[in-house]
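Engineer: Provide a 3D model corresponding to the input given below.
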Amino acid sequence: MNLLTVPWFIVPSLLASLLGSIPLGAPSPDGRFLSFVDTSTGDLAIRDLKTGEKRLLTHNTAETKGQFAYFSVVSPDSRRIAYAWF
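Structural biologist: Numbering: from 1, shown residues only. Sure thing, here's the model as predicted:
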């Protein structure tokens, strides 16, 4: 599935069904994955839109408990993700 070809009005409900929550991220420009916040841990994660696999990119620890990633954006070449950490 390529989110860049899905009609704009379907995207929010599609994303919520894929992730189980509303993401605070963005699709990659190449349409391969979606960045989002894992609501169970607060970690930044990506979802492979072809396989459905989720991969955590950050790992909350005891020292960072209660902190979380917020509003990520993927670089134009889809190789990096910028995000805020609160």
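
Engineer: Could you list which residues are in contact with the residue nearest to residue 71 when sequence neighbours are not counted?
Structural biologist: Spatial nearest neighbour of residue 71, excluding adjacent residues (CB to CB, 6 or more residues apart in numbering): residue 24 at 5.1 Å. For the C-beta atoms, the positions are set from N, CA and C on the backbone; glycine is no exception. Going by CB atoms under 8 Å, 6 or more residues apart in numbering, residue 24 touches 36-37, 69-72.

Engineer: now with 7 Å?
Structural biologist: 36-37, 70-72 (CB atoms under 7 Å, 6 or more residues apart in numbering).

Engineer: Give me the buried subset of the residues you listed.
Structural biologist: Buried members of those, counted by 16 or more other CB atoms under 10 Å: 36-37, 72.

Engineer: Tell me the one among these nearest to residue 29.
Structural biologist: Nearest to residue 29 among the buried ones among the contacts of residue 24: residue 72, at 13.4 Å, using CB to CB.

Engineer: Against residue 62, how distant is that closest one?
Structural biologist: Separation of residue 72 from residue 62 (CB to CB, to the nearest Å) stands at 23 Å.

Engineer: Quickly name whichever of the buried ones among the contacts of residue 24 is closest to residue 78.
Structural biologist: Distance to residue 78, by CB to CB, is smallest for residue 72 among the buried ones among the contacts of residue 24, at 12.6 Å.

Engineer: Need the residues that contact the strand or helix carrying that closest one.
Structural biologist: Assigned by DSSP states H and E, residue 72 belongs to strand 69-74. For strand 69-74, the surrounding residues in contact (CB under 7 Å, 6+ apart) are 24-26, 28-29, 35, 37, 42-44, 58, 81-86.

Engineer: Would you mind putting the CA coordinates of it into CSV?
Structural biologist: C-alpha atoms of strand 69-74 as CSV (Å, rounded to 0.1, in the frame of the first residue of the first chain):
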residue,chain,number,x,y,z
ALA,A,69,8.6,11.0,21.0
TYR,A,70,6.3,13.5,19.3
PHE,A,71,5.6,14.7,15.7
SER,A,72,8.2,13.0,13.6
VAL,A,73,9.0,13.8,9.9
VAL,A,74,10.9,11.7,7.4
